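Engineer: this is the structure alone, sequence omitted:
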């Protein structure tokens with residue numbers, strides 16, 4: 001099988017959130033992804049003004065419809081936001097001024113712009129009143145994932161009952177300092193009914209021993225590895241853009257906000273992710289295949305069959 005990355009913001013100089021993204025640039029990113037050991041992905045559109053997000057999703061859908069080369073790589077779209085927590089730490093690299101409470105009407109605009117390509121949407125359950133948006137998205141066959149949130153155990157239970165089935169990049173999208181007993185990481189690990197947990201195992205977002213611990217706690221059949229790569233992936237140290245905002249990549253390959261207050265995606269290829277999982281985390285070759293190929297494909301297939 002070919003790796004399936006459910007969270008890719010851009011690749012090798014191409015930002016999927018750029019308003020001037022062209023079909024030629026999209027093809028270039030797809031070629032580079034394949035050459036670097038990737039191949040299939042969900043292009044991720046992050047929080048911005050709702051109309052901008054709709055336009056960016058629509059542009060990706062146009063490229064998918066127009067070009068067989070793009071269709072080979074672009075399996076679908078991951079919408080990360082705007083229904084996330086605006087609180088510092090939890091909001092991460094997303095612009096807090098564009099965060100919105102979850103709303104089925106706004107969600108419909110995002111999903112319809114994708115012409116069937118929106119396969120995954122990340123939101124904060126605590127900002128989804130009555131879990132109405134989660135319930136609507138799940139009914140459309142969209143994989144609904146919690147992330148960039150501080151959902152309580154009760155919020156998680158209610159969201160799972162409404163159709164939430166995943167958590168986005170556990171251990172990231174949260175403050176550096178958390179309560180040692182009651183925090184979002186512990187709540188997710190203890191949650192019943194949550195089918196999938198996504199991680200960014202690039203040895204920067206999470207230390208390999210923690211990845212190993214989470215895999216043991218969750219179970220290898222529920223873990224999905226993503227790269228969370230941006231346009232800075234494969235480009236070396238320097239300054240890059242994500243949705244118009246500056247990203248600073250240091251000599252170690254970590255992508256930072258200019259003030260170094262938080263990470264802004266990653267620079268990892270799927271080859272790098274697989275190397276860390278095998279060499280540093282200690283997964284077998286088959287287990288690496290499970291979390292980078294089999295499980296993400298199963299997650300996308302399951303949400304469509306259950307809708």
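Structural biologist: Perfect, thanks for sending it. What you are looking at is a predicted structure, and each value in this text was computed from that prediction instead of being measured.
Engineer: give me the nearest residue to residue 40, chain neighbours excluded.
Structural biologist: residue 4 (4.6 Å; Cβ to Cβ, 6 or more residues apart in numbering). C-beta coordinates here come from the backbone N, C-alpha and C atoms, glycine included.
Engineer: I figured that neighbour hits residue 76, correct?
Structural biologist: No - using Cβ atoms under 8 Å as the test, residue 4 is too far from residue 76 to be in contact (9.9 Å).
Engineer: so what sits against both of the two?
Structural biologist: When contacts are counted by Cβ atoms under 8 Å, 6 or more residues apart in numbering, residue 4 and residue 76 have residue 300 as shared neighbours.
Engineer: quick one: which of the two has more around it?
Structural biologist: residue 4 (25 against 22; other Cβ atoms under 10 Å).
Engineer: show me the strands in this protein, by range?
Structural biologist: For the chain, applying DSSP state E gives strands covering 4-8, 10-11, 14-15, 40-46, 74-80, 118-123, 143-146, 166-167, 196-199, 223-225, 238-242, 245-249, 255-256.
Engineer: low-confidence ranges, this protein, go.
Structural biologist: In the predicted model, the chain carries pLDDT under 70 at residues 305, 307.
Engineer: mind listing the helices for it?
Structural biologist: In the chain, the helices defined using DSSP state H lie at 23-35, 50-66, 68-73, 104-113, 132-139, 153-162, 184-190, 208-218, 270-275, 285-289, 295-306.
Engineer: contact partners for the closest residue to residue 163 other than its chain neighbours?
Structural biologist: Nearest non-adjacent residue to residue 163, counting by Cβ to Cβ, 6+ apart: residue 138, 2.6 Å away. Contact analysis of residue 138 by Cβ under 8 Å, 6+ apart lists 144, 162-165, 303, 306-307.
Engineer: equivalent analysis for residue 28, please.
Structural biologist: 12-14.
Engineer: how near is the nearest residue to residue 175 once chain neighbours are set aside to residue 169?
Structural biologist: Distances taken as Cβ to Cβ, 6+ apart place residue 89 nearest to residue 175, at 2.9 Å, with adjacent residues excluded. Here residue 89 is placed at a distance of 14 Å from residue 169 (Cβ to Cβ, to the nearest Å).
Engineer: ok, residue 198 next?
Structural biologist: 6 Å.
Engineer: repeat that for residue 86.
Structural biologist: From residue 86 across to residue 169, the span is 18 Å (Cβ to Cβ).
Engineer: neighbour count for those two, which is higher?
Structural biologist: residue 169 (24 against 19).
Engineer: which ones are touching that one?
Structural biologist: 7, 147, 198-200, 205, 226, 228.
Engineer: and stretch 11-29, how far apart are its ends?
Structural biologist: Distance between the two ends of stretch 11-29: 6 Å, counting by Cα to Cα, to the nearest Å.
Engineer: what are the buried residues along it?
Structural biologist: Neighbour counts over stretch 11-29 (16 or more other Cβ atoms under 10 Å) mark 11-18, 21, 25-27, 29 as buried.
Engineer: same deal with stretch 232-240?
Structural biologist: 232-234, 240.
Engineer: can you redo those residues as CSV with distance to residue 253?
Structural biologist: Formatted as CSV, those follow (distance: Cβ to Cβ, whole Å):
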residue, distance to residue 253
232, 9
233, 9
234, 10
240, 12
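Engineer: those: which two are farthest apart?
Structural biologist: Of all pairs drawn from these, the greatest distance, 10.9 Å, lies between 234 and 240 (Cβ to Cβ).
Engineer: what's the neighbour count on residue 216?
Structural biologist: By the criterion of other Cβ under 10 Å, residue 216 has 9 neighbours.
Engineer: sorry, back to before: make a markdown table from the strands of the chain and add distance to residue 299 to it.
Structural biologist: Output for those, formatted as a markdown table (distance: least, Cβ to Cβ, whole Å):
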| stretch | distance to residue 299 |
| --- | --- |
| strand 4-8 | 8 |
| strand 10-11 | 21 |
| strand 14-15 | 25 |
| strand 40-46 | 11 |
| strand 74-80 | 11 |
| strand 118-123 | 8 |
| strand 143-146 | 6 |
| strand 166-167 | 7 |
| strand 196-199 | 5 |
| strand 223-225 | 6 |
| strand 238-242 | 25 |
| strand 245-249 | 28 |
| strand 255-256 | 25 |
